[in-house]
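Student: Sequence below, structure please.
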Amino acid sequence: MNQNLTILASLVPGFPLLGFLLNGLFGCKLSEKTSGWLGSLMPLLSFIVSVVLFAQVSRDGSIEVTLFDWFQAGSWDIRFAFLIDPLAVMMMMIIAGVGFLIHLYSIGYMHGDKAFYRFFSHLNLFVFFMMLLVMGNSYLIMFIGWEGVGACSYLLIGFWFKNTDYNLAAKKAFVMNRIGDVGFVLAMFFLLSMSGTLEFGALNAWLKSNASADVGMLTAVTLLFFFAATGKSAQIPLYTWLPDAMAGPTPVSALIHAATMVTAGIYMIIRSSALFMLTPLTMTVILWVGTITCALAAVIGIKQNDIKKVLAYSTVSQLGLLFAALGVGAFSSAFFHLTTHAFFKALLFLGAGSVIHALGGEQDIRKMGGLRKHIKWTYITFLLGTLAISGIPPFSGFFSKDEILSRVFSHSPTVWFILQASSLITVFYMFRLLYLVFFNDFRGSDRVREHIHESPPVITIPLVILATLAAAAGLLGLPSLLGKNWIEGWLQPVINNADGEQASHQLEIILMAIAAGGAALTILFARSLYIAKKQLPEESEKEMSGISLLAYNKFYADEFYDALVKRPINQLSSAAYRFIDRGLLDGMVSGAGNLSVLMAGILRRTQQGNAGLYIFAMAIGVIALLMIQWLTR
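Tutor: Numbering: from 1, shown residues only. Alright, predicted model coming up:
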């Protein structure tokens, strides 16, 4: 039986790895249809195996399988092993399930691309590394997947590499993630020196048996891990790469924003809940960084006019909400919202892609409008995704967001107020997006109007499935006053009984009413602006001032980083190039060469073929040797 489990566990990452190799090596010889369906089949097979393992975990509990002994260093015995527990197996199903739908969608969206097979090869590789990240039994295996998804994000964001702007966006994502990854490496070194292990099970046992462990060192470790998470999961200060990642094809945006890369930091902290709960300072930092990021990104989202940029900043804001939940110890609540967010955010991005497909590549919402008459399936599914992310009952986002807000209120009413206000801003800019894209009259060119069409079934079917999940996933975590919170009970063995403070039923009803009522009023306000008054976004920043101008320019975060980091480093590099590379190192190398040439020139003059000169030199040499011998007696 153990051998069978080992095989099953290996197949989950093995299938997408096989797809990467087949498409990567032979895709250029395959038809587009064969390449696309081959790439899509692999995450589907991984999903099926993950469901089988889910049933196994439900019946017998956590599973740990060792593939091989990796290496030994002194007393450290490092295994390459997988830990499949309630947390990991849920992540495996989300990654493989949503990943399959995105692959399927990509068959239609990427149709006709010259590098079609390469795209599917890279998508499969992305899923493979994400599976390693969530299945690893140690931080070391997690780090392999952590680095792998970073590399794949570079490949996919810059997939259309002939465009310089896309290449710059890919490099920005890569560099900012590498900055965060330094924190992960340092945290592993410190943790290994303290506990002697990086395996999750052994580390939890060490924490239980060492109640008096150095809190200062543990705080340093958790702060470093959190810094790494700010890179992968786009939080202040390392969040600016994520909106620029929209340069990649829309399915890439959906994969990164929904089920894979941006969830890595959240997953890592939930996996490390026993460690983080021992460091209250780190938890406070996580709470406030998440809260500020949530509010900042929400405000920026109001003034964005690129359909994908609006969704990108909504992702940053939603991730901030998740980190705020982690900061108050509401780990299962954070995972619940991570799950619902994977469904409705994948739906929204793929819906945006369907809109872009219908308009021949147009992404500016100021040049859209009235599309619900032309692309009905896209409109209906996008509406459901908007209702879900806005937290409108009874859609999934209402239950997962309400649970976070109720737990945060028990911890800090001030933070609750900021997050609730940010949530209402989310409602506003999402319905602003919906109304500007799908209602009133079309504002684009006549040429584009003539070609508006609904996407093919290979695109709309994934939208319908994701819309169903976005609507119904709230059943996984019903409030205790409505029924059993299944996801909280399912994750209880992993989160070590640390799951935040729970508000009373009466208070929770009040908070739910405030959230639902506020959302309804916000929708009416957005409707009055963009449907009744037919208000349109400003054409340029010259028409803006104050907070609107700041939000439109993303609070000048990129300009701030350019002035504070990029330009000083560039100037330092230029100075080092001039004085060290050119002046010192090149001078030393050139000087040695010039000295060799000079000595060679002197010696060359003694080699002129004059026999008399040679005899004279020999005689002088003999006399010199005799004199030296005589003097040294």
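Student: how about G248, phi and psi?
Tutor: The phi and psi torsions at G248 (degrees, to the nearest 10) take the values phi -70, psi 170.
Student: ignore the last one, E64
Tutor: Backbone torsions for E64, taken as degrees, to the nearest 10, come to phi -130, psi 120.
Student: please renumber so the chain begins at 19
Tutor: With the count now opening at 19, the last piece we talked about shows up as E82.
Student: Verify the stated contact: it with G154.
Tutor: No - contact criterion Cβ atoms under 8 Å: E82 and G154 do not qualify, at 10.9 Å. C-betas here are computed from N, CA, C, even on glycine.
Student: which neighbours do the two share?
Tutor: Taking Cβ atoms under 8 Å, 6 or more residues apart in numbering as the contact criterion, the common neighbours of E82 and G154 are 99-101.
Student: E82 and G154: who's more crowded?
Tutor: When E82 and G154 are compared for neighbours, G154 comes out ahead with 25 against 16, by other Cβ atoms under 10 Å.
Student: Can you check what pLDDT the model gives the more buried one?
Tutor: Here, the pLDDT recorded for G154 equals 93.
Student: Just list the residues touching it, thanks.
Tutor: The neighbourhood of G154, defined by Cβ under 8 Å, 6+ apart, consists of 99-101, 160, 162-163.
Student: May I have the phi/psi pair for it?
Tutor: phi -60, psi 140.
Student: Identify the bridge partners of it.
Tutor: The partner list for G154 in beta bridges (DSSP bridges) reads F100.
Student: Please tell me how far it sits from N142.
Tutor: Using Cβ to Cβ, to the nearest Å, we find G154 at a distance of 19 Å from N142.
Student: V466 now?
Tutor: Remark: distance between V466 and N142 (Cβ to Cβ) = 34 Å.
Student: Which of the two has more residues huddled nearby?
Tutor: Higher neighbour count among V466 and N142: N142, with 29 against 17, using other Cβ under 10 Å.
Student: Buried residues in the top helix by length along the chain, which are they?
Tutor: The single longest helix within the chain, with elements called by DSSP state H, is helix 182-213. Judged by neighbour count using 16 or more other Cβ atoms under 10 Å, the buried positions of helix 182-213 are 184-185, 187-188, 190-192, 194-195, 197-199, 201-202, 204-206, 208-210, 212-213.
Student: Just the buried subset of the contacts of G154, written out for PyMOL, thanks.
Tutor: In PyMOL, selecting the buried portion of those, with burial taken from 16+ other Cβ under 10 Å, looks like this:
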select buried, resi 99+100+101+160+163
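Student: For F460, state which of the contacts of G154 is nearest.
Tutor: G163 (44.4 Å; Cβ to Cβ).
Student: Need the pLDDT of the closest one.
Tutor: In this model, G163 is scored at 94, pLDDT.
Student: Skip the chain neighbours and tell me the closest residue to it.
Tutor: If the residues on either side of it in the chain are set aside, G163 comes closest to L151, at 2.9 Å by Cβ to Cβ, 6 or more residues apart in numbering.
Student: Go ahead and confirm the one you found touches V167.
Tutor: Yes - counting by Cβ under 8 Å, L151 sits close enough to V167 to count as a contact (6.5 Å).
Student: out of these two, which sits in the more crowded spot?
Tutor: When L151 is set against V167 and neighbours are counted by other Cβ under 10 Å, the residue ahead is L151, at 29 against 25.
Student: Please list all residues in contact with the more buried one.
Tutor: The contact partners of L151, by Cβ under 8 Å, 6+ apart, come to 160, 162-164, 166-167, 282, 285.
Student: Quick one: these as a markdown table, columns for secondary structure and distance to L547 too.
Tutor: As requested, those are arranged in a markdown table below (DSSP: H, G, I helix; E, B strand; the rest coil; distance: Cβ to Cβ, whole Å):
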| residue | secondary structure | distance to L547 |
| --- | --- | --- |
| M160 | helix | 46 |
| I162 | helix | 49 |
| G163 | helix | 44 |
| W164 | helix | 43 |
| G166 | helix | 44 |
| V167 | helix | 39 |
| A282 | helix | 37 |
| Y285 | helix | 38 |
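Student: Return the closest of the residues you listed with respect to L493.
Tutor: In terms of Cβ to Cβ, no member of those lies closer to L493 than Y285, at 22.2 Å.
Student: where does the closest one land on pLDDT?
Tutor: In the prediction, the pLDDT value recorded for Y285 is 95.
Student: can you check I483 too?
Tutor: Per-residue confidence (pLDDT) for I483: 96.
Student: Please verify my assumption that it contacts F118.
Tutor: No - with contact defined as Cβ under 8 Å, I483 and F118 do not form a contacting pair (9.7 Å).
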